[in-house]
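Trainee: Sharing a model prediction with you, sequence too.
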2 protein chains.
Amino acid sequence: MLESKNSPNTPLSNLGEFALIEHLTKNFNLTNKSSLLGIGDDAAIINDKGKLTLITTDMLIEGIHFDLGYVPLKHLGYKSVMVNLSDLYAMNVYPSQITTSIAVSNRFSLEALEEIYKGIQLACKNYNVDLIGGDTTSSKTGLIISITAAGFGDKNRIVNRKGAKENDLLVVSGDLGGAYVGLQVLEREKAVFKVNPNTQPDLSKYSYCIEKQLKPEARKDVIKLLDELEVIPTSMIDISDGLSSEILHLSKSSNVGFHLFEEKIPIDPHVNLICEEFKFNPTIAALNGGEDYELLFTISQNDFDKIKDHPFLTVIGHACDKKIGCQMITGLGQQIELTAQGWQSFSKI
Amino acid sequence: MLESKNSPNTPLSNLGEFALIEHLTKNFNLTNKSSLLGIGDDAAIINDKGKLTLITTDMLIEGIHFDLGYVPLKHLGYKSVMVNLSDLYAMNVYPSQITTSIAVSNRFSLEALEEIYKGIQLACKNYNVDLIGGDTTSSKTGLIISITAAGFGDKNRIVNRKGAKENDLLVVSGDLGGAYVGLQVLEREKAVFKVNPNTQPDLSKYSYCIEKQLKPEARKDVIKLLDELEVIPTSMIDISDGLSSEILHLSKSSNVGFHLFEEKIPIDPHVNLICEEFKFNPTIAALNGGEDYELLFTISQNDFDKIKDHPFLTVIGHACDKKIGCQMITGLGQQIELTAQGWQSFSKI
């Protein structure tokens, strides 16, 4: 192989995903006036004489990001759109267009591809997004879906990761940990199925979390709600890798620390029940599980009255001096430093 | 596998790539006012209150689109940007931003990824394009590169595939067939190397074509030239799948036929020499080879004086009545109907 000839070979797993991207792109500078915001946020911003277009892209790979042993293809198509739309909502922007590139090996039939596109189409319909282009090609093994989403932004309303100020409140939408525990259930059922293919498991009590995993919804409704409440977050990110990892991103970009109160983390009773069954700590599921696609944002304390008691939104902490770092305060009053133990694709290679 | 359960299984190779995309996306309608042009051209156009952004995307898969046995990673990074920029030049638009998503398996080291990014960086520098985002993740096997390029267009200057009128001249930039015969040389040398790894082949006489294959350049210079000559093509496409396939695209989109004159097809002497060595017809290499990334366009006959005798540009035919279809006129005056025998990824699965 050419790539390994006469050169040192540093395994990619030595770096985390974010450190790797930072390393590989550190020599890339933005030279065009129209490149307003580059790598390092949920979406990039390009500026055509005052008109701002936001662009984000994500690639999903079979065996890394999904397992077709339990992920229906239509759901996969739907979810692959959601993960991209979620990045634009996290900039307080409505997506309007997507492109999709799909590669499949010869074990996929036309009907299989049709299922994926049905999911993409449903996502487009539900979120008022148009499919405007893409690429369909073959792969040697497995399925690869790469989607790019675009939306238009008003410069006074776009929210990135770097505006959080000390004392701002840290708010999260919905509830956390569901997608992760849903995945645990699916993995267990797959293992059971392997041993006994005739079992007909009753998964109804897990359906809340399984749906969170298989068919997440990007939080368009939260963006709409914030608009109605006249709240513009000071910083925002979507939760794809786990609450802990995302708080650390906001901290780094905004140059502040955070206090997170464990008892405030919204966890659905369904998640708690499954955690009990699996002997798993729900806080860990929320902190490190990821794939919840909820929105995490900071708001000025002045906006607290506007959002308090709203069933979608929970204040879970506040920004503090950078020197304090990112600390979780447990129910017993202990402080635990947050570390990014979220999902890392390269450690799984 | 879920995707093959209780459903008919139509092999993808039953359809060509373009028929497949058409089939899968036929139920997708453009519903947003901002979606000006969707699937079916070199790039899509989104319109934010008069400001037009063009977006195109392409995915390259190891073992399908490239062979790391002879493609250096830096060249691959460079080429993967070129194939996208070429699509924007084919709309008469200068690209300004790209996003790159790259997935690699654990046989790739950090240094290998650095090489790919060096190629991407060089492409960005040479073409005044900024890398503004992307995704870096792992794959189970092989290397996958998915790039999206964006550029801004002036509505009076954007050229798509559907404006050719009867009697318009058909023009191509540069020369054709080089990338294809370069690939044949590389494939042969790979086979020789397998048998005898100690051979040190002298590839210097093939370097023109090998470079066309490994490090193509998108024709930014042609767009600039047309601008200087004050020529706006009536339709345009880039040659990624072969001259024949691209003429058929222009024909279908513009609702005209074409006469192509075999003797006018520009073929470099280096290509002819290799074709002689390989006992291969140079016209076939030009018609079906692909990957030349030259621009194929139509102009009004009134513009002929502006472009005639230009070393970059060759008039190779003209548009005619749709009923005539797309015909190549050979040196002996025979008419041969053009068929799309260009590169088809699914027939290779």
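Mentor: That came through fine.
Trainee: the strands in the stretch 151-300 of chain A, which residues?
Mentor: A:169-173, A:235-238, A:257-261, A:295-299 (DSSP state E, counting those that start in this stretch).
Trainee: Measure how buried A:Leu60 is and give me the count.
Mentor: 22 (other C-beta atoms under 10 Å in any protein chain shown). Just so you know, the C-beta spots here come from the backbone N, C-alpha and C atoms, and that holds for glycine as well.
Trainee: Contact partners for it?
Mentor: A:Phe66, A:Leu76, A:Lys79, A:Ser80, A:Val83, A:Ile144, A:Ile145, A:Ser146 (C-beta atoms under 8 Å, 6 or more residues apart in numbering or on different chains).
Trainee: which residue sits closest to the fifth one, ignoring its sequence neighbours?
Mentor: Excluding its sequence neighbours, the residue lying closest to A:Val83 (C-beta to C-beta, 6 or more residues apart in numbering or on different chains) is A:Asp58, at 5.0 Å.
Trainee: tell me the contacts of the most centrally placed residue in chain A?
Mentor: Nearest to the mean C-alpha position of chain A, by C-alpha atoms, centre = their mean, lies A:Ser240 at 2.1 Å. By C-beta under 8 Å, 6+ apart, the contact set of A:Ser240 is A:Val83, A:Ser86, A:Glu246, A:Gly290, A:Glu291, A:Asp292, A:Tyr293.
Trainee: will you turn the contacts of A:Leu60 into TSV that also has secondary structure, neighbour count and pLDDT?
Mentor: Formatted as TSV, the contacts of A:Leu60 follow (DSSP: H, G, I helix; E, B strand; the rest coil; neighbours: other C-beta atoms under 10 Å in any protein chain shown; pLDDT from 0 to 100):
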residue	secondary structure	neighbour count	pLDDT
A:Phe66	strand	20	95
A:Leu76	helix	25	97
A:Lys79	helix	27	97
A:Ser80	helix	24	98
A:Val83	helix	23	97
A:Ile144	strand	26	96
A:Ile145	strand	27	97
A:Ser146	strand	30	97
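Trainee: and which of those residues is nearest A:Leu260?
Mentor: A:Val83 (23.9 Å; C-beta to C-beta).
Trainee: Look up how far A:Pro216 lies from the closest one.
Mentor: 8 Å (C-beta to C-beta, to the nearest Å).
Trainee: Quick check on A:Gly331: phi, psi?
Mentor: For A:Gly331, the backbone dihedrals (degrees, to the nearest 10) come out as phi -60, psi -30.
Trainee: Any figure for the gap between it and chain B?
Mentor: Distance of A:Gly331 to chain B, given as C-beta to the nearest C-beta, to the nearest Å: 36 Å.
Trainee: Same question for the host helix or strand of A:Leu20: list its buried residues.
Mentor: Assigned by DSSP states H and E, A:Leu20 belongs to helix A:17-25. Residues of helix A:17-25 classed as buried: A:Glu17, A:Phe18, A:Leu20, A:Ile21, A:Leu24, A:Thr25 (neighbour count, 16 or more other C-beta atoms under 10 Å in any protein chain shown).
Trainee: counting contacts, what elements does it pack onto?
Mentor: helix B:110-126, strand B:130-138 (3 or more C-beta pairs under 8 Å, 6 or more residues apart in numbering or on different chains; DSSP states H and E).
Trainee: Ends of stretch A:168-187, what's the gap?
Mentor: Length of stretch A:168-187, first residue to last, C-alpha to C-alpha, to the nearest Å: 39 Å.
Trainee: Counting neighbours, what do you get for the nearest residue to A:Glu211 once chain neighbours are set aside?
Mentor: Leaving aside its chain neighbours, A:Glu211 sits nearest to A:Gly182 (7.2 Å; criterion: C-beta to C-beta, 6+ apart). Using other C-beta under 10 Å, A:Gly182 has 27 neighbouring residues.
Trainee: pretty sure the residue nearest to A:Val83 is in a helix, no?
Mentor: No: counting by DSSP: H, G, I helix; E, B strand; the rest coil, one finds A:Asp58 to be strand, located in no helix.
Trainee: what about the helices in chain A?
Mentor: A:17-25, A:73-89, A:110-126, A:178-195, A:207-214, A:220-228, A:243-254, A:269-278, A:282-288, A:304-307 (DSSP state H).
Trainee: Figure out which of those is closest to A:Ser96.
Mentor: helix A:73-89 (9.0 Å).
Trainee: by contact count, what packs against the closest one?
Mentor: Using 3+ C-beta pairs under 8 Å, 6+ apart: helix A:73-89 touches strand A:51-61, strand A:94-104, helix A:110-126, strand A:144-153, helix A:220-228, strand A:235-238.
Trainee: In its sheet, which strands sit next to the shortest one, and in what direction?
Mentor: If I follow you right, that is strand A:235-238. Applying DSSP bridges, strand A:235-238 is found paired with strand A:295-299 (antiparallel).
Trainee: Report the distance from the strand it pairs with to the chain centre.
Mentor: 14 Å (C-alpha atoms, centre = their mean, to the nearest Å).
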